[in-house]
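> Any chance you could fold what I've pasted below:
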Amino acid sequence: MLLTRIKGPRDLDRLSQEELDQLAAEIRSFLVDAVSKTGGHLGPNLGVVELTIALHRVFDSPKDKVLFDTGHQAYVHKLLTGRQDFGNLRSKGGLSGYPSRAESEHDVIENSHASTVLGWADGIAKANEVLGREDHHVAAVIGDGALTGGMAWEALNNIAAAKDRPLVIVVNDNERSYGPTIGGLANHLATLRTTDGYERFLARGKEILERTPVVGKPLFETLHGAKKGLKDFIAPQGMFEDLGLKYIGPIDGHDIEALESALQRAKRFSGPVIVHCLTQKGRGYTPALEHEADRFHAVGVIHPDTGLPVATDAASWTSVFADEMVKLGHDRADIVGITAAMLHPVGLKKFADAFPDRIFDVGIAEQHGATSAAGLATGGAHPVFAVYATFLNRAFDQVLMDVALHKCGVTFVLDRAGITGTDGASHNGMWDMSILQVVPGLRLAAPRDAEQLRAQLREAVEVKDAPTVVRFSKGVVGPAVPAVGRIGGMDVLRTPGPDVTRPDVLLVSVGALAPMCLEIADLLDKQGITTTVVDPRWVKPVDEALAPLADGHRVVVTVEDNGRAGGVGSAVSQALRDAGVDVPLRDFGIPQRFLDHASRKEVMAEIGLTAPDIARQVTGLVAKLDGRYDSEQAATVD
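I've put the predicted structure just below:
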């Protein structure tokens, strides 16, 4: 196999055109076989095989910087840079699903949030200029979906301002992000895909006019001088050239020879150039091409021959939300849905099918989505903006200054909150409850099970004068966790019994960690430590009944699937201080560091967010209060 002989990008230089085509076929076969066993981003990588080969033949990585926006399409890049062990892809100790500086000097950007690559490229190109590195080049690959993000256009505006600073922008145009790309830019690129270039028209015109006596040549020169307007009429790539960017394309993104020619021309140019490549997401794999929803953008473990899942998943948090949204849509005509190019992943497809006129896909533009939601609320609708928890970070200013300041009734539904695991540091939803704590008036719900998700979503959309947030985990929804009582707005999940006058521990359970918190209480009970377990349901604002309840316990413990800094534990602590309740508090959550990719269970074990770990520490805390602390005693909790 040719692939096994590729240890680095320069090994590509000695291959013939026929061998390059064979290598592309081998890579596709490898990807289908490997990713079907581990899960991962299959469709995007099948679409960029030839493009990645051409990039590494034209540019000299790592001296030249080859950058990938989002990074989920970097599997081919990994294969060509010496990383061909995909056996533990996205698992602990295995390859990351995104570029990783720890893996290779060829990887530059680790942040897998979209629309950032052009900002990176602009900065690196400026550094090359400042430091006099004239033989260094920058090539940034960005998808047409990522070009719907405002950051990309902010960067383009700056890149175009330096007409003599070399930088190659490769637009990987497959008409999709997760699903089909939408918006004005998508329409423009579609026009470029389907219109013959003006160069061909102009060449034919020149041939005819130069054969015309007397007036032919002057007329051609007049037309050539007016080529900008002519160009916009025939092939409106003028949008890019209006910014001052040289445009090459459209290029067949699966023709290595054509790609190399275009990239070489762009590399030689002394300013910024856009190379527009047309690719096919899922290319070469029939099940992906026939999957209209997202062309196998991301898959779990599948049968490689059929593309069908190996196991049928149980009900997920996302599916519970999806079904309840449809019910809400039938109940209330003012409910509308908003997605940032992720209709399927966030569970709004069923709502879109039922109410096609009440769904808005804003593209990869979370900032715009939040402000547009404020406008919808001002106009009398109640928008439900469903987005991954980690991506709401990008719209914080809009949540604060547009939605909250204006007291707009907007509901944000945060999917994949907490530790997500296999997608690594940038996809863990561990920041939302900390960031949102500072937003005045905002109310934040963390459902513990499917029933509570349905109930709290309905409670959220009843709020008309403030933003509301409902956050839930990735994956399968757990078993129902019934309440045994209610104190204020909080559900009581466990009591120490009527004979206990002052229980030892008040355990505040946040969201999907309720089963684990009940397990902690069981472990504490075996140590003779009495525990009350409550679920606040709405973790912001802190329930007024919590402080008096805490005052009746010796220790307060909070457990949350969020960063410890500024999270629910911090908010509870402040609420107790404000109420004059002087009870020791211990908060358990995610440490403020970027977590390596692994399964959710493995990550939680690594950071000590497990029932035995927490019970052990709480046992030690109670023992200290009793004046009888014994490290060996604390170690017996398991």
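
> Please determine how far the nearest residue to His254 once chain neighbours are set aside is located from Ala450.
Excluding its sequence neighbours, the residue lying closest to His254 (Cβ to Cβ, 6 or more residues apart in numbering) is Glu50, at 4.8 Å. Placement of C-beta: from N, CA and C, glycine included. Using Cβ to Cβ, to the nearest Å, we find Glu50 at a distance of 45 Å from Ala450.

> Looking at those two, which one has more neighbours?
Shown here are Glu50 and Ala450; by other Cβ atoms under 10 Å, Glu50 has more neighbours (26 against 21).

> That one should be in a helix, yeah?
Yes: membership of Glu50 in a helix is supported by DSSP: H, G, I helix; E, B strand; the rest coil.

> ok, now which ones touch it?
24, 253-256, 259 (Cβ atoms under 8 Å, 6 or more residues apart in numbering).

> Ser112 too?
Residues near Ser112 by Cβ under 8 Å, 6+ apart: 70-72, 98, 423-424, 426-427.

> What's the separation between Ala293 and Glu26?
Shown here: Ala293 relative to Glu26, a distance of 28 Å by Cβ to Cβ.

> which one of the two has more residues nearby?
When Ala293 and Glu26 are compared for neighbours, Glu26 comes out ahead with 17 against 13, by other Cβ under 10 Å.

> if I look at the more buried one, how far off is Ala34?
Distance from Glu26 to Ala34, counting by Cβ to Cβ: 12 Å.

> Give the helix, strand or coil label for Val463.
Under three-state DSSP, Val463 falls in the coil class.

> Now it. Nearest residue, chain neighbours left out?
Gly409 (5.7 Å).

> shaky segments in the protein?
For the chain, the stretches with pLDDT under 70 are 176-239, 312-313, 628-638.

> circling back: farthest-apart pair in the contacts of Ser112, please.
Farthest-apart pair in these is Thr70 and Gly424; separation 12.6 Å (Cβ to Cβ).

> residue contacts, Lys63?
Here Lys63 is in contact with 135-136 (Cβ under 8 Å, 6+ apart).

> whoops, I mixed them up, Asp423
For Asp423, the contact set (Cβ under 8 Å, 6+ apart) comprises 90, 97-98, 112, 597.

> Just the buried ones among the residues you listed, please.
90, 97-98, 112, 597 (16 or more other Cβ atoms under 10 Å).

> ok, Lys407 to Val557 distance?
The gap separating Lys407 from Val557 is 35 Å, by Cβ to Cβ.

> Please identify which of these two sits among more neighbours.
Set Lys407 next to Val557 and count neighbours by other Cβ under 10 Å: Val557 wins out with 29 against 15.

> Helix, strand, or coil at the more buried one?
strand.

> wait, it sits on Asp504?
No: in this structure Val557 lies outside contact range of Asp504 using Cβ atoms under 8 Å: 10.0 Å.

> Let me see the ranges of the helices in the stretch 351-500 of the chain.
Secondary structure of the stretch 351-500 of the chain (DSSP state H, counting those that start in this stretch): helices at 366-378, 389-392, 396-398, 432-435, 450-461.

> how about those helices in TSV, adding distance to Asp582?
Output for the helices of the stretch 351-500 of the chain, formatted as TSV (distance: least, Cβ to Cβ, whole Å):
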stretch	distance to Asp582
helix 366-378	40
helix 389-392	34
helix 396-398	34
helix 432-435	25
helix 450-461	32
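
> out of these, nearest to Leu80?
Of all those, helix 389-392 sits nearest to Leu80, with 28.6 Å by Cβ to Cβ.

> Output the contacting helices and strands for that closest one.
strand 411-415, helix 432-435 (3 or more Cβ pairs under 8 Å, 6 or more residues apart in numbering; DSSP states H and E).

> make it 10 Å
helix 366-378, strand 411-415, helix 432-435, strand 468-471 (3 or more Cβ pairs under 10 Å, 6 or more residues apart in numbering; DSSP states H and E).

> Now the third one - C-alpha only, CSV.
Looking back up the chat, that one is helix 432-435. Once non-C-alpha atoms are left out, helix 432-435 reads as follows in CSV (Å, rounded to 0.1, in the frame of the first residue of the first chain):
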residue,chain,number,x,y,z
ASP,A,432,-21.9,28.0,30.8
MET,A,433,-23.1,28.0,34.4
SER,A,434,-20.1,30.1,35.4
ILE,A,435,-20.4,32.6,32.5
